[in-house]
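Trainee: Fold the following, please.
(2 chains)
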Amino acid sequence: MSERINFRLNGRDVSVEIDRAKMLLEILREDLEMTGTKCGCDNGVCGSCVVVVDGRAVKSCLHPSKKLEGAEVLTIEGLSLNSIHPIQKALVDAGAVQCGYCTPGIVMELHALFASNPGADDAEIMKALDRHLCRCTGYETIIEGAKAARMQLSMAGKH
Amino acid sequence: MDFTYVGKDFQRPDALEKAQGKSIYIDDIRLPGMLHAEILRPEYAHAKIISIDTRAAEACEGVVAVVTGANCPYSYGDNIRDLIPMAVTKVRYIGEPVAAVIAESRYQAVEAMKKIIVKYKPLPVYVDALEAMKPGATLIQEQNGEIWHLPHIHPVPGTNIAGHYVLRKGDFEKALAEADYVVEGEFDYPFGSSAAIETHGAIVWFQNDGKIDCWSSSICPFIIREDLANTYGVPISDVRVRIPEIGGCFGYKSDITIEQTVAWIASHARGRPVKWIASRKADLESTLIGHGIRTRMKIAARRDGIFLGLQTRSYLSTGAYADTGINISHGATHNSTGPYVFDNCDLQGYSVYTNTPPVGAYRGYGHQEALFATERIVDMLARKMGIDPFVLREKNYMRPGSINALGEKMYMANGSVMDCARKVREAIFRGGKPTEDERYFYGRGFAAVMKSPKGAPNQTKGCYLKLNKDGSATVTIGGAEVGQGLRTVVQQICGEALKIPPHKVRVNFEIDTLYSPYEWQTIGSMFTTMGGRAILRAADRVIAILKKNASYALRCDEDFLEYDGQWLYVKSDPDCRVAVRDVAQGYMLEDGRTVGELAQATSDARLPRYSGFDQNGQGGAGVSYTFGAQGCELRIEKSTGKVTIDHFASSFDVGKVISPRQIRGQVAGGVLMAIGATLYEKLEIGADGKIANPHFGKYHLPTASEAPGRQTIEFVENPDVVGPFGSRGIGEHPVLGVAPAILNAIHDAIGIEFTDIPVTPARILDALKNREMRK
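Mentor: Numbering: from 1, shown residues only, chains lettered A, B, ... in the order given. Okay, the predicted model is just below:
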């Protein structure tokens, strides 16, 4: 009962043959060997696996393959190929990266947030970050980094 | 002393790779021909295994082997050799490995595992030390007392007591008789999990030539290496352990946790690598858990506030295997004095086998559980005596010249708890607190803390250092980066010592026992102290080699030479000089002949005068202390019972701050982690030993909006004499005083004396309701 799924991944068409229903996280990590997206809890709580699907931040461990056909998926690899994204730079500069395991998911969450809502206010940033667990930082530097990213992105947008 | 690089902020060398998703963690490793294992756990927390039928599983698609523990002859453990890779005749806790499937894919392994049929005969289950240690209780480890253990461990044969530690100083009974005030209480710090966002995982590969390769998410590759060599009877050099990036540790990735189990499984598929990655459920149920310490404490004081004596009974529900918990119990016992002087101590700690996952290191290693009792009881005593709790504490703080419970003398180089306490008092208690309003109660609380490293007398950290001819340096260490920022610290310390900018110091990321210097384990907040000291020693040796090489060039004795990072020059005539690039690899004479040595060095360091215990349970088992204080302002919502931490303050005497931003990150993160334990987190282990909440849906870690509204984090810098540039460790300390500070603040807010955690909104509402009824 194998099935072929076609979708766009980081701006390129991909076609994956899967032999059973799978979640997007497994397709990314196991079928496509793209390991930048992390698995922390596998039940949609920790946010380490967040990627952007059709412009929305999605927990890929709960995103079924059947919803993937024709979708536009952006992962951390798509942001990191040849350049440093301002969100990544802002988190690094704020000291928001410790063990780094939760970081790719947070980067993608913020990417979806600022792409759809460049002027997201502090409460909206907190709401987005509340979908993620970080055990290292106490979030102080992540919040600081997110706000710095918002400012840098809006400045870049004006130019 | 002025520093060029120490005390300033530098970007972490690993931050960008991590933020780009390019760092390799254990589950990101793919090897040719790699197989996947899944491990079956029992239905009972304590039961005899009657039979295991693996036939249906073996017939499943993709299955390479099905493994049980039936013929497994191995046991291991550095303190008590009671650990086994897989259950043999019985299961002792709900997460214990019973059988495993090795398959071509993880999915196939999971599917086949469901086909294994195990028959059990249930046995009585004990989940609390106090029940398990009762006379007549069924033995969880039948051979208790006969199992090999280190000499300082005292099991009680015929009982479930794996270790009984007794520390006597002075005469507590006499102190009790002379006391004007006595307060006693029982305090419970229940089971929790370090719960790093990355779970445990390991890959083991039995090579066809007999060598064993292992990758693990562990902070003790060298212990794994020696342990596997010992178990499988191969030379230590034939075991190679590599550690990729680690997605958080907080204690539970120390000691051997899963590696022996994965090795036993992989030994049934020789020639191919076998990977096992813990699901979150397996991580919470089958790797090391934390805490599980109940403390009964009695404090005796004179009318003028001087503490006369302390009695502690610390009961650790250590789990089904005690190797990883036993030293935590020792730490919780001798550190239960907190930062206070007691001339008379009667301190006893019991590690008791229970049908729960083994307890292991959790950030703080026994300190936070003990200090929870100490810092609550001191507040209770102050109220009973009608003394300001700050004044009461100040009368009793350890200071230079004080003798602690272990009999160790304190020096100024141990730092000052008083200075830290004053900073926190200033931050939290300077103004008045808000008065109760329609919506909220308000409270403020305080706790003072002390931390000893809790390592081992022979713990050592090594360093390999190469100075390259362009003046850059390459440092290889065995210390594990778990997020704490150790690599930045290495760059700064090495840069300071070699007088080169930190970005010119390259530090290894992966640890590989084939190439990295030996390190016992990266634990006890001791990397900066000991690893840093090893780096300084190596740098001294490298500079000595440069001088020796320069002496050929400058035709001058070495001790007349000076080094400034770029040049070696004659002290009395700085113009007479030779560049580092010309002496980093020996010195080439005019005719091309080369003399001298490569500018490279190996070194190591350990804590001086660390010892075991004497017959009174005393000795140099603490050695290097750090003091601190914490406090908070909180409010409690009347309608919901919800606690909001508005402001949390921490101050530690760290001797010297190496990386200001990183150290703040350590403290801010540690404080929130302990807020989790205080308000939300508890592994709900039922009377049957089953865990009701083995996932993040019900085991709630604090989120961004639950972090304190504000954190004040300040440091005191009374220099240490052991650590590099006067520094002390900080990794575990931020969690130590959080629970008592919050519970003291809750008492301040609503007058209710909680003695166990987590204090959930439901418990607060219940307590408020009971208080109303009593009125």
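
Trainee: Would you enumerate the residues in contact with the closest residue to B:T354 other than its chain neighbours?
Mentor: Leaving out its chain neighbours, the residue that sits closest to B:T354 by CB to CB, 6 or more residues apart in numbering or on different chains is B:S317, at 4.2 Å. Heads up, the C-betas are built off the backbone N, CA and C, glycines and all. Applying CB atoms under 8 Å, 6 or more residues apart in numbering or on different chains to B:S317 gives the contacts B:127-129, B:132, B:191, B:292-294, B:352, B:354, B:356, B:359.

Trainee: switch the cut-off to 6 Å
Mentor: B:128-129, B:292, B:354, B:356 (CB atoms under 6 Å, 6 or more residues apart in numbering or on different chains).

Trainee: so it bridges to which residues?
Mentor: Beta bridges link B:S317 to B:V352 when assigned by DSSP bridges.

Trainee: Which positions in chain A make contact with chain B?
Mentor: Where chain A comes near chain B, counting by CB under 6 Å from any CB of the partner chain, the residues are A:35-36, A:40-43, A:45-46, A:48, A:76, A:80, A:88, A:91-92, A:95, A:97-104, A:126, A:129-130, A:133, A:135-141.

Trainee: and stretch B:602-618, C-alpha only, in PDB?
Mentor: What follows is stretch B:602-618, C-alpha atoms only, in PDB (Å, rounded to 0.1, in the frame of the first residue of the first chain):
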ATOM      1  CA  THR B 602      49.200  17.500  27.800                       C
ATOM      2  CA  SER B 603      48.000  18.200  31.200                       C
ATOM      3  CA  ASP B 604      45.400  17.300  33.800                       C
ATOM      4  CA  ALA B 605      43.900  18.600  37.000                       C
ATOM      5  CA  ARG B 606      41.800  17.400  39.900                       C
ATOM      6  CA  LEU B 607      40.500  18.900  43.100                       C
ATOM      7  CA  PRO B 608      43.200  18.900  45.800                       C
ATOM      8  CA  ARG B 609      42.800  16.700  48.900                       C
ATOM      9  CA  TYR B 610      39.400  15.200  48.000                       C
ATOM     10  CA  SER B 611      39.000  12.100  50.200                       C
ATOM     11  CA  GLY B 612      36.600   9.400  51.300                       C
ATOM     12  CA  PHE B 613      34.800   9.300  54.600                       C
ATOM     13  CA  ASP B 614      36.300   8.300  58.000                       C
ATOM     14  CA  GLN B 615      34.600   6.300  60.700                       C
ATOM     15  CA  ASN B 616      32.500   9.300  61.700                       C
ATOM     16  CA  GLY B 617      31.300   9.900  58.200                       C
ATOM     17  CA  GLN B 618      33.600  12.900  58.000                       C
END
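
Trainee: For it, could you pull out the residues that count as buried?
Mentor: B:603-607, B:610, B:613, B:617-618 (16 or more other CB atoms under 10 Å in any protein chain shown).

Trainee: count of residues packed around the nearest residue to B:M673 once chain neighbours are set aside?
Mentor: Nearest residue to B:M673, sequence neighbours excluded (CB to CB, 6+ apart): B:V735, at 5.7 Å. Neighbours of B:V735 under the rule other CB atoms under 10 Å in any protein chain shown: 30.

Trainee: where's B:N549 relative to B:N414, distance?
Mentor: 41 Å (CB to CB, to the nearest Å).

Trainee: let me fix that: B:N718
Mentor: In terms of CB to CB, B:N718 sits 8 Å off from B:N414.

Trainee: More neighbours: these two, which one.
Mentor: B:N414 (28 against 19).

Trainee: who's in contact with the residue nearest to the more buried one when sequence neighbours are not counted?
Mentor: The shortest distance from B:N414 to any non-neighbouring residue, by CB to CB, 6+ apart, is to B:Y625 (4.6 Å). B:Y625 sits next to B:414, B:450, B:452 when contact means CB under 6 Å, 6+ apart.
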